[in-house]
Every structure is written in structure tokens, then in C-alpha cells.
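Asker: Next one to model:
(one chain, ligands or ions: 1)
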Amino acid sequence: MGVKIIGYGFYVPNNVITNHDMEKWMDTSEEWIVERTGIKERHFVTVGEEGTSDLAVKAAKKALEKANISASDLDMIIAATLSPDYEIPGIGVLIQSKLEGCSLIPAYDIRQQCSGFVYGLELAATFIKSGKYKNVLLVGAEIQSVGLNISTNGRDLAVLFGDGAGAFVLTNSQDDSDIIDSVLHSEGQYYKALWKEYPSIYVRDRIRQEDIVFGRHYPAMNGRFVFKHASTRMPEVVMELLNKTGIDLEDIAQIIPHQANLRITNMIANRLGLSSDKIFSNIEKYGNTTAASIPIAFCEALEEKRFKRGDYIITVSFGSGFTWGANLIKF
Ligand code: UT7
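Answerer: Modelled structure (predicted):
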């Protein structure tokens, strides 16, 4: 059984936040942000107006329209996010409810942070290949903005992230497959290198006053350590996937990496010996949208004609956990 990508779409909130806006809120500069990350602007929701599931549904509707099927045709939802609307339940069920016409299908939530979509693609493809499910909606959606420390104390992370969502509709096929293979990894010993400690199960009520006072409810990152691992693991897993599948790097029309930092993307290109037109970047417009970055980049790379139907592409990611992985797609 093969797996086809029949729909794709993305959505970002209207509110554009520039680096100059960031300068008003913290001790930072347009120059620092562009030089160290490549980011020029990102999109933030207006607090309270949209939830992560709303972004997900808007992206999903575009993907369904492209696929020319309706929500009632879906057999499963897989939603990747680290920023669900609520702690309980996840956004999978909210998407099922907000996508009018969806029947009582299973709805998964997966985590894996920046690697959520790459992990999700392997999961969706495996479910479809098993023959048990036909049409699967895979969404990566994220609202990072409301959970960041938007001040000088949190500036290392605050300038990096943006909000958005991207979705694929996948279906089975008796012919060839779009999803050829995937390689996934994790290395949990480094979970504290990029994490958010509270709310946590280790304290009563999951959070104390002092945790809020000391800002322990904001994400924290050892930036240089994560940078080093991200820029090593992503080219490594691309080569592992190529070796596993017997495809040559020259046959890949486009590498679509998770958009974490333009310097990381450039290092992946350097380490693989690729010219910059073979690896896609749109981080300057959206920042790091975590689980949404790969489907958003996929849609824009396609729009820019970086690849076409029939081409091989690779999606590759690295994120908190650590988790990383890559998918080989013959689109
Ligand atoms: O998506 C999941 C994976 N995430 C990543 O892959 C992110 C990986 N890490 C990175 O992208 C980079 O480490 C950062 C962009 C987060 C930081 O860049 P860096 O070149 O590693 O900077 P740094 O953390 O070593 O900090 C250099 C300086 C520090 O000042 P001092 O100590 O040298 O005086 C920071 O305090 O830059 C300072 N700094 C800032 N300055 C202005 C940190 N954040 C900012 C800021 N504006 N926003």
C-alpha cells in the first residue's frame, strides 16, 4: 500500500511582529536578530482571539480543499503541538469538533516539539500502509507567543519563535508512494537543554508562586548546545536516510529543514555540500514555528517551484527532547 500527499495548506495569524517591535519590548536589535538567526518578522496571535486548534483547523481546511475531499471523508487526525489550547485534553479532539462534518474518528495528539511533523508523517504513513486507515489529516500547529518571556530576561528565546499551522491530507494508493521512508531518533538525556520546567508533576498543583516569580514557567534553552547538536544531527540523518533508501543526494530536488535558525540551515547545506538553492528557508518571515515549520516551508517551497510532482524531497528536523528525523518524499 502506498501513501499519497493529496492536500497541503498553512495558516499564520495576521499580526506581524517585526524585529523593531521586539526592540521596544527588550534589549535587542534588528541587527543582532538578523545576523544570529536570519529572522526579520514573525506572526503572533492576538491573545484570546485564536487558539492553537483554530490555527490548525484553518490550515486543515486549506489542505482538505486542495485534496478535494471533505472533513467527513477523514478516517483519522494526528495533531502535533507543544502548545495545546488546554493541558487536558489535547488539540486532536478540538480539531475533530471544529472541522464541521468530521465523524467520530480517532484523534491523536503527538508532541516531539520541532520534530512533531516529521514524526507525525512516519506515523500517518505507517497507519495508512497498514491498510486500516485511508484518509489521514496530519497537522502541526503552534502558538508560542503567549508562552514566551517577552522581555530582556527571555530575549534569547523570545525573538526566535512565531505562531502558525500547516497540514497535510494523506491517503492510500495502490500505485507508487509519495512517502518512501523515514528515519527517526531521540536522545532523552538532553531533555533539559531545551525545556519548560513548570507546570510540572513534581509539585502540588503543578506550579508554585515562586516558580512564576523566577520565570520557571517559560521555556529555557542552552542555545549553543542545541545549535551544535541541531547542525550535526540534521545532515547526519539526511545521509542515514539516503544510505538506507539507496537514493543519491544529487537526486534530491529540495531539502526542507525545520526552520530553527538560518545559520543552522546554512550549516546543513555546507555539511552536505549543497548549494543554497537546494535547501529551503523562509525563517525570515515566520521565525521558528516549531511543529508547523515544515508544512509551512513545504507549501511555500512548492509555490516557489523549488520542486514539482515527481521530484524527490527530504524533510528534516531537530528539536527539544532531543528528537530528530527525516522523511524521504517522492512528491
Ligand atoms: O527549534 C529547536 C531547535 N532550536 C535551535 O536549534 C536553536 C539553536 N540555538 C540558536 O539558534 C542560537 O544559539 C541562538 C540564536 C539562540 C543564540 O545565538 P548564539 O550565537 O548562540 O548566541 P549566544 O547564546 O551565545 O549569545 C551571545 C550573546 C550573549 O551575550 P554575551 O553573554 O556574549 O554578552 C547573549 O546574552 O548574545 C546575547 N543575546 C542577545 N542579544 C541581543 C542573546 N539573545 C539576544 C537577543 N538580542 N535577542
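Asker: which SS state does Phe10 fall under?
Answerer: At Phe10 the chain is in strand, as set by DSSP: H, G, I helix; E, B strand; the rest coil.
Asker: Pretty sure it sits against Asp163.
Answerer: No: using CB atoms under 8 Å as the test, Phe10 is too far from Asp163 to be in contact (11.6 Å). (Each C-beta comes from the backbone N, C-alpha and C, glycine too.)
Asker: Show me which residues of the chain are close to the ligand?
Answerer: Taking CB under 6 Å from any ligand atom as the criterion, the neighbours of the ligand within the chain are 28, 32, 36-37, 114, 155-156, 159, 223-224, 226-227, 230, 260-261, 264, 288, 318-319.
Asker: ok, now with 5 Å
Answerer: Contact residues of the chain with respect to the ligand, defined by CB under 5 Å from any ligand atom, are listed as 28, 32, 36-37, 114, 155-156, 159, 223-224, 226-227, 230, 260-261, 288, 319.
Asker: Buried ones among those residues?
Answerer: Neighbour-count burial within these applies to 28, 36-37, 114, 155, 159, 226-227, 230, 260-261, 288, 319; the criterion is 16 or more other CB atoms under 10 Å.
Asker: Which neighbouring elements make contact with the longest helix belonging to the chain?
Answerer: Of all the segments of type helix in the chain, defined by DSSP state H, the longest one is helix 223-245. Using 3 or more CB pairs under 8 Å, 6 or more residues apart in numbering; DSSP states H and E as the contact test, the elements touching helix 223-245 are strand 179-186, strand 252-257, helix 262-272, strand 312-319, strand 323-330.
Asker: what's the angle from that helix to strand 323-330?
Answerer: Relative orientation of helix 223-245 and strand 323-330, computed by axes from the mean of the first three to the mean of the last three CA atoms, to 10 degrees: 40 degrees.
Asker: Would you mark the buried spots in helix 223-245?
Answerer: Of the residues in helix 223-245, those scored as buried under the neighbour-count criterion (16+ other CB under 10 Å) are 226-227, 229-231, 233-238, 241-242.
Asker: In the stretch 101-250 of the chain, what residue lies closest to the ligand?
Answerer: Here the stretch 101-250 of the chain gets closest to the ligand at one residue, Gly223, 2.7 Å apart by CB to the nearest ligand atom.
Asker: who's in contact with that residue?
Answerer: With contacts taken as CB atoms under 8 Å, 6 or more residues apart in numbering, Gly223 has the following neighbours: Asp156.
Asker: On the C-terminal side of the strand or helix carrying Trp32, identify the next helix or strand.
Answerer: Assigned by DSSP states H and E, Trp32 belongs to helix 30-37. Tracing the chain past helix 30-37, the next element assigned as helix or strand by DSSP H and E is strand 41-43.
Asker: which residues touch that following strand?
Answerer: By CB under 8 Å, 6+ apart, the surrounding residues in contact with strand 41-43 are 12-19, 145, 161-164, 284-287, 289.
Asker: Tell me which strands that strand pairs with, and in which orientation.
Answerer: Under the criterion DSSP bridges, strand 41-43 sits next to strand 16-18 (antiparallel) in its sheet.
Asker: How about the helix or strand that the partner strand is followed by, which residues are buried there?
Answerer: Scanning the chain past strand 16-18 towards its C-terminal end, the next helix or strand to appear is helix 19-25 (assignment: DSSP H and E). In terms of neighbour count (16+ other CB under 10 Å), helix 19-25 has its buried residues at 19, 22-23.
Asker: what packs against helix 19-25?
Answerer: In this structure, helix 19-25 packs against helix 30-37, helix 155-158, with contacts taken as 3+ CB pairs under 8 Å, 6+ apart.
Asker: Let me see the domain layout of the protein.
Answerer: Taking automatic domain parsing as the criterion, the chain consists of the domains 2-176, 180-330.
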